[in-house]
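Student: how would this look folded up:
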Amino acid sequence: MKRIQLILIILFLTATGYAQNWKPYKIDDSVQVSLPEGFTRKEAEGQVLINAQGSFGNILVTKLSDNPKSTPDIEKEKHLQKYYDDFVKKIRSSAKEGTISEERDTTLGNLMVKDLTLAVDSGSGKQFRNIRVMHVNSATYTFQFLYRDIHRVYAAPELTTFFNSIKITPQADLASQFTNPENTTGRTPGSIKYLPLWIILGVLVLLAPYFILRRRGHIQT
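Tutor: Residues are numbered from 1 along each chain as shown. Down below sits the predicted model:
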């Protein structure tokens with residue numbers, strides 16, 4: 001009986017997610033993702049921040065264009081792998097009270113991407129952030145889906161919809177993930193200090209208002 005009830009709940013929530021009217025949205029000419037209605041987009045100095053609210057989770061998408069002062073030189077597959085590994089190391093060192101799990105290297109079409117889950121316990125229950133990081137066409141994209149542990153089952157359909165909707169132009173290949181010399185420091189990824197801090201701040205700081213609003217009841221669940 002419990003299994004049947006669980007299946008019915010998931011089917012209901014999946015239908016609810018679609019009823020929320022998720023639509024494909026082009027971040028730029030290369031990358032597309034589906035988002036629920038009512039999302040916001042902000043741009044400043046080569047940075048893009050997109051924020052959207054699902055029924056049981058919050059979505060953050062960031063894009064940071066390569067910067068010659070901070071972006072290391074990525075000329076080979078191993079450099080790209082190192083760049084992603086440094087990203088995870090920086091999160092781990094910054095979120096001292098959090099734990100990283102389900103870290104894995106995977107692919108999106110022909111591209112290499114990094115997936116991970118960050119769990120943080122603020123004292124009122126665990127909060128999870130499923131994260132995907134992707135470097136392509138001279139920019140780093142991060143896709144995040146945030147939800148509370150008590151909403152884990154209910155948030156699952158939206159989480160799946162979000163990450164499965166990430167699309168990249170078919171013309172993009174591994175070579176498009178390497179950097180242009182004029183847009184980098186000229187140094188290969190060898191230290192986490194070269195990782196763009198704006199991305200890490202986006203992961204660790206921009207989430208605070210979401211949970212504050214939830215606690216105050218301004219974001220419905």
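Student: every contact and neighbour count from this point should use C-alpha atoms.
Tutor: Fine.
Student: pull the contacting residues for the one residue sitting closest to the centre of the chain.
Tutor: Using C-alpha atoms, centre = their mean, the residue of the chain that lies closest to the mean C-alpha position is residue 143, 1.9 Å off. Taking C-alpha atoms under 8 Å, 6 or more residues apart in numbering as the contact definition, residue 143 lies against 59-62, 131-133, 163.
Student: you'd agree residue 162 is in a helix?
Tutor: Yes - when DSSP: H, G, I helix; E, B strand; the rest coil is applied, residue 162 is found to be in a helix.
Student: neighbours of the closest residue to it other than its chain neighbours, just the number please.
Tutor: Leaving aside its sequence neighbours, residue 162 sits nearest to residue 34 (C-alpha to C-alpha, 6 or more residues apart in numbering; 6.2 Å). Other residues near residue 34 number 18, with proximity taken as other C-alpha atoms under 10 Å.
Student: what do you get for the one 4 residues further on?
Tutor: Counted with other C-alpha under 10 Å, the burial measure for residue 38 works out to 10 neighbours.
Student: cool, residue 79 as well?
Tutor: Other residues lying near residue 79 total 17 when counted by other C-alpha under 10 Å.
Student: gap between it and residue 139?
Tutor: According to C-alpha to C-alpha, to the nearest Å, residue 79 and residue 139 sit 15 Å apart.
Student: hey, what's residue 100 bridged with?
Tutor: residue 118 (DSSP bridges).
Student: and for it, the neighbour number?
Tutor: As a burial measure, residue 100 scores 18 neighbours (other C-alpha under 10 Å).
Student: secondary structure class for residue 81?
Tutor: Applying three-state DSSP: residue 81 is helix.
Student: what's the pLDDT at it?
Tutor: On the pLDDT scale, residue 81 is placed at 96.
Student: again, but for residue 217
Tutor: 50.
Student: got it, and residue 70?
Tutor: Reading off the model, residue 70 has pLDDT 86.
Student: so it sits against residue 186, correct?
Tutor: No - judged on C-alpha atoms under 8 Å, residue 70 makes no contact with residue 186 at a distance of 9.7 Å.
Student: point out where the protein drops to low pLDDT.
Tutor: Residue ranges of the chain with pLDDT under 70: 1-20, 190-221.
Student: before we move on, back to that, which of the helices or strands spans the residue nearest to residue 162?
Tutor: Using DSSP states H and E, residue 34 sits within strand 31-35.
Student: list the contacts of that strand.
Tutor: Applying C-alpha under 8 Å, 6+ apart, the set of residues contacting strand 31-35 is 22-27, 52, 161-162, 165-169.
Student: can I get those residues in CSV including neighbour count and secondary structure?
Tutor: Listed next are the contacts of strand 31-35 as CSV, based on neighbours: other C-alpha atoms under 10 Å; DSSP: H, G, I helix; E, B strand; the rest coil:
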residue, neighbour count, secondary structure
22, 19, coil
23, 13, strand
24, 13, strand
25, 15, strand
26, 14, strand
27, 17, coil
52, 17, strand
161, 17, helix
162, 20, helix
165, 17, coil
166, 16, coil
167, 17, strand
168, 20, strand
169, 12, coil
